[in-house]
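Prediction below, plus the sequence it came from.
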Amino acid sequence: MAISRRNFLAGAALAGLAPRLVHAETTADGFEAVRARRGLAQLLENPAPATPVWSFTGSAAPAVIRARQGESLKLRLFNELDFEIWLHFFGVRGPSELMTINVPAGTARGVDCVFTPPDAGTFWIGPMADVSRLRDMGLYALLVVGEAATLPDIDDLPLIIDDWKLGDNGAMEGHFGDIETMVGEGRLGNWFTVNGVHRPRLTLPAAKLTRLRLLNAANVRRMNLLFKGGDIALIGLDGQPVPLAPLGSEPLALAPGQRADLLVSPGSDVSLALDFFGDVAGLADLIRGGTGDAPALPDTSPLPANPTATPADPATARRVPLAIEGGLKGGLKSALYRGQPMELRGLLEHGLGWAFNGAAGPGGPPLVEAKRGETLIIAVDNRTGFEQPIHLHGHIWREAGSPGSPWRDTAVIAAHRTMDLLMVADNPGSWAVQSLIAERADGGLLTGFTVA
């Protein structure tokens with residue numbers, strides 16, 4: 001069965017099922033246990049076979065980990081797969097030695113990770129190595145960090161959106177590590193889920209504001225999301241608060257790995273859809289439940305600001321170039337690989353086809369060696385024919401020249417465009433800059449920097 005646009009738009013027998021978000025189990029000594037394991041998920045409608053997945057729940061239901069700003073988060077990571085995994089806390093400005101962590105295969109006692117999240121917001125945990133395969137198989141978790149101060153009475157609903165590349169046997173189609181896919185657009189799925197279910201029906205309270213926490217978990221697809229019904233406003237992006245901005249008729253665009261926090265007023269039902277190549281494909285229906293008086297959206301965002309360092313005058317900031325090269329017709333002829341120059345043919349034999357500053361993958365010269373508290377401008381030059389979502393580990397940035405622009409951890413740079421990103425190197429340790437397109441992270445768009 002080729003999953004066609006027609007049967008996608010028509011919906012499926014699974015429509016109407018409510019997805020079950022899975023929360024981490026608590027151990028006797030107070031740790032939240034997070035287990036990477038194999039499982040089966042009924043992604044397609046019955047009687048299609050179930051899909052093998054690798055996840056933190058043993059199903060397609062995404063794991064949700066909850067913490068509170070300024071309080072200790074105690075995780076114990078277990079790896080029940082037969083290979084080691086490297087995981088990163090995307091958007092979290094925690095200690096560098098814990099934000100990217102190795103979990104060996106078959107770890108019986110687990111790997112402990114204890115830190116205090118400095119920011120409140122919506123974050124996620126995902127793979128840092130073999131990204132294309134692990135993320136496409138479902139190995140990710142949402143990390144919700146609640147504000148230190150109690151917010152007004154607002155309900156909370158995570159929405160993790162993904163696409164899956166499936167055949168009629170329920171199995172993943174195509175081969176991971178395919179060179180043409182890596183240098184091209186990446187693995188585009190043909191079957192969409194919200195919280196692990198195709199076209200779910202979710203309940204919104206009738207008399208309370210609701211905070212939707214969105215994550216685009218897809219490998220490559222930019223989700224252009226459309227909302228219909230109710231008053232909805234953007235209040236957070238990439239884990240950081242933004243001024244309250246009502247959504248209009250234009251889609252809300254989320255690149256892979258990006259998150260958005262939306263505030264929904266009570267009232268009518270809400271439909272969530274995807275602007276799908278000029279057509280509209282339904283993703284989920286949010287149905288009102290219960291009765292009561294409906295408060296209106298506030299005039300300003302209820303989210304308090306996270307702590308941020310004040311950057312120095314941008315005119316005095318050190319300028320750090322970051323050139324992105326590679327991909328189909330990208331002009332990349334050679335690059336450094338583990339410190340040694342290599343022609344493109346050799347790079348492709350190693351599964352590489354992209355480069356930051358002329359270096360493909362880790363092991364090249366650091367992007368910058370910064371002093372703690374130093375203000376930097378990362379001058380990104382996207383020389384490729386593709387839009388590039390770039391994520392900075394352990395730090396946040398905003399667009400230089402726009403003092404009022406919000407802080408972010410992800411920049412989306414259009415093809416053949418540049419963008420200057422202002423940041424304060426205030427988190428000591430070794431960090432990375434990477435593509436949030438899974439195949440490009442595997443294919444060379446990963447570099448490091450240090451703060452001392």
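Done, it's in. Residues are numbered from 1 along each chain as shown.

Can you give me the distance of the spatially closest residue to Val103 that is not a sequence neighbour to Arg38?
Computed as Cβ to Cβ, 6 or more residues apart in numbering, the closest residue to Val103 that is not its neighbour in sequence is Asn79, at 4.3 Å. (Each C-beta comes from the backbone N, C-alpha and C, glycine too.) Distance check for Asn79 against Arg38: by Cβ to Cβ, to the nearest Å, it reads 11 Å.

So these two - more neighbours on which side?
With neighbours defined as other Cβ atoms under 10 Å, Asn79 and Arg38 compare such that Asn79 has more, 22 against 13.

what pairs with that one across the strands?
Applying DSSP bridges to Asn79 gives these bridge partners: Ala36.

Can you name the residues that contact it?
Arg35, Ala36, Ile85, Val103, Pro104, Ala105, Gly106, Thr107, Val111 (Cβ atoms under 8 Å, 6 or more residues apart in numbering).

can you list the weak-confidence ranges in the stretch 1-150 of the chain?
1-24, 107 (pLDDT under 70).

ok, which stretches of it are helices?
5-10, 96-99, 131-136 (DSSP state H, counting those that start in this stretch).

roughly how far out does the second one sit from the chain middle?
So that's helix 96-99. 18 Å (Cα atoms, centre = their mean, to the nearest Å).

So for that helix, could I get the coordinates as CSV, restricted to C-alpha?
Provided in CSV are the C-alpha atoms of helix 96-99 (Å, rounded to 0.1, in the frame of the first residue of the first chain):
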residue,chain,number,x,y,z
SER,A,96,28.0,20.6,29.8
GLU,A,97,29.1,17.2,31.1
LEU,A,98,25.4,16.2,31.5
MET,A,99,23.6,17.8,28.6
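
Against which helices or strands is it packed?
If contacts are counted by 3 or more Cβ pairs under 8 Å, 6 or more residues apart in numbering; DSSP states H and E, helix 96-99 sits against strand 85-90, strand 111-115, strand 429-435.

Which of the contacts of Asn79 has the largest number of neighbours?
Ala36 (24 neighbours).

which ones are touching that residue?
Trp54, Ser55, Phe56, Leu77, Phe78, Asn79, Glu80, Leu81, Ile85, Val103, Leu139.

and those residues as CSV, adding distance to Phe192?
What follows is the contacts of Ala36, written out as CSV (distance: Cβ to Cβ, whole Å):
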residue, distance to Phe192
Trp54, 19
Ser55, 17
Phe56, 20
Leu77, 29
Phe78, 29
Asn79, 28
Glu80, 28
Leu81, 26
Ile85, 25
Val103, 29
Leu139, 18
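
most neighbours, which of those?
Neighbour max across those (other Cβ under 10 Å) = Phe56, 27 neighbours.

So that residue sits against Ala141, correct?
Yes. Applying Cβ atoms under 8 Å, one finds Phe56 in contact with Ala141, separated by 5.0 Å.

so what sits against both of the two?
Val34, Pro62, Ala63.

could you dump the residues you listed to CSV with neighbour count and distance to Arg318?
As requested, these are exported to CSV (neighbours: other Cβ atoms under 10 Å; distance: Cβ to Cβ, whole Å):
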residue, neighbour count, distance to Arg318
Val34, 23, 38
Pro62, 27, 39
Ala63, 25, 39
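
Redo those residues as TSV? Include distance to Ala370.
Output for those, formatted as TSV (distance: Cβ to Cβ, whole Å):
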residue	distance to Ala370
Val34	32
Pro62	35
Ala63	34
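
one step back: including distance to Leu98, could the helices and strands packed on helix 96-99 go into a markdown table?
As requested, these are exported to a markdown table (distance: least, Cβ to Cβ, whole Å):
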| stretch | distance to Leu98 |
| --- | --- |
| strand 85-90 | 8 |
| strand 111-115 | 5 |
| strand 429-435 | 10 |
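
And those: which comes nearest Pro366?
The closest of the helices and strands packed on helix 96-99 to Pro366 is strand 429-435. By Cβ to Cβ, the value is 8.6 Å.

Can you show me the helices along the stretch 251-400 of the chain?
344-349.

pLDDT weak spots in it?
Looking along the stretch 251-400 of the chain with the criterion set at pLDDT under 70, you get 291-294.

at 90 what do you get?
For the stretch 251-400 of the chain, residues meeting the criterion pLDDT under 90 lie at 265-268, 276-279, 288-299, 329-331, 362-364.

Give me the domain ranges for this structure.
5-289, 314-451 (automatic domain parsing).

what would these look like in JSON lines with distance to Leu297?
Compiled in JSON lines, those are given as follows (distance: least, Cβ to Cβ, whole Å):
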{"stretch": "domain 5-289", "distance to Leu297": "5"}
{"stretch": "domain 314-451", "distance to Leu297": "19"}
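
Ala296: which of the ones you listed is closest?
The minimum distance between Ala296 and the domains of the chain falls on domain 5-289, with 5.8 Å, by Cβ to Cβ.
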